[in-house]
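**Q** fold the following and give me the result.
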Amino acid sequence: MVVPAVLAGWLLVLAWPGLRAVTTIPVDPGGEALIAAGRAPNEHLPAGYPVYPAFDDHDLLNAFPGQPLVALGEAGGKVLAASGFPDGSVAMDLDLPAPTTVTVKRFYFPSWRAERVDGRQKTPLQAQPIGATRFVSFQAQAGRHVYRIRQAATPVERASNAVTLAALLVVAALLAAPAVTRRRRARREKTETAIGTR
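**A** Sure thing, here's the model as predicted:
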């Protein structure tokens, strides 16, 4: 069953240039023209992204290779260390002569949180989009400090997690119920046999 699906997928890829979508839902003429011209609709990009990238946009497809992970604004300074982590978060050790804007190579989304980390104390900072690429930025203070950006769960994600946990508990209870019932029945039968009522 997998082989026909893979073959159908490859046929779709090979036929893509001449392919026209058949749909009963009205198609946005702007989006249809962009797809026909080999440009990607920008619904997958951050809000406010000003251009429609080409399907083969080298920078976008290769994670903006010319852009450093952490870039400092006009005040200058030094990025002593910067590390990205599998969850998308970035930690950086900065030494700045004056307050400056720090840009991190991550697309902005409202759930990004920036913070200055001084030992165990964390000071929240305002994360915001910057520039045409809509990367995450924040204002850093003068001096040597460690900063971190991370994504926090949105209210919808927290609610979804709670619903998922509740559903898993219900499923676990439904799966455990027959075993508990069998155990109670076996215990009751053993007790009845022992006292001779059975």
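**Q** how many neighbours does residue 176 have?
**A** Residues lying near residue 176 (other Cβ atoms under 10 Å) number 10. (C-beta placed from N, C-alpha, C; glycine too.)
**Q** can you tell me the helix or strand for it?
**A** Counting by DSSP states H and E, the element that carries residue 176 is helix 155-195.
**Q** residue 131 and residue 103 touch, don't they?
**A** Yes. Counting by Cβ atoms under 8 Å, residue 103 is a contact partner of residue 131 at 7.2 Å.
**Q** out of these two, which sits in the busier spot?
**A** Between residue 131 and residue 103, residue 103 has the larger neighbour count (other Cβ under 10 Å), namely 21 against 12.
**Q** give me the low-pLDDT residue ranges for the chain?
**A** 1-58, 60-62, 196-198 (pLDDT under 70).
**Q** can you show me the helices along it?
**A** Under the criterion DSSP state H, the chain contains helices at 2-15, 29-36, 58-61, 155-195.
**Q** list the beta-bridge partners for the nearest residue to residue 118 once chain neighbours are set aside.
**A** Nearest residue to residue 118, sequence neighbours excluded (Cβ to Cβ, 6 or more residues apart in numbering): residue 145, at 7.0 Å. Listed beta-bridge partners, residue 145: residue 94 (assigned using DSSP bridges).
**Q** tell me the contacts of residue 145?
**A** 93-94, 96, 116-118 (Cβ atoms under 8 Å, 6 or more residues apart in numbering).
**Q** quick one: it from residue 152, how far?
**A** Using Cβ to Cβ, to the nearest Å, one gets 20 Å for the distance from residue 145 to residue 152.
**Q** residue 80 is in contact with residue 91, isn't it?
**A** No. Assessed by Cβ under 8 Å, residue 80 is found out of contact with residue 91, at 11.3 Å.
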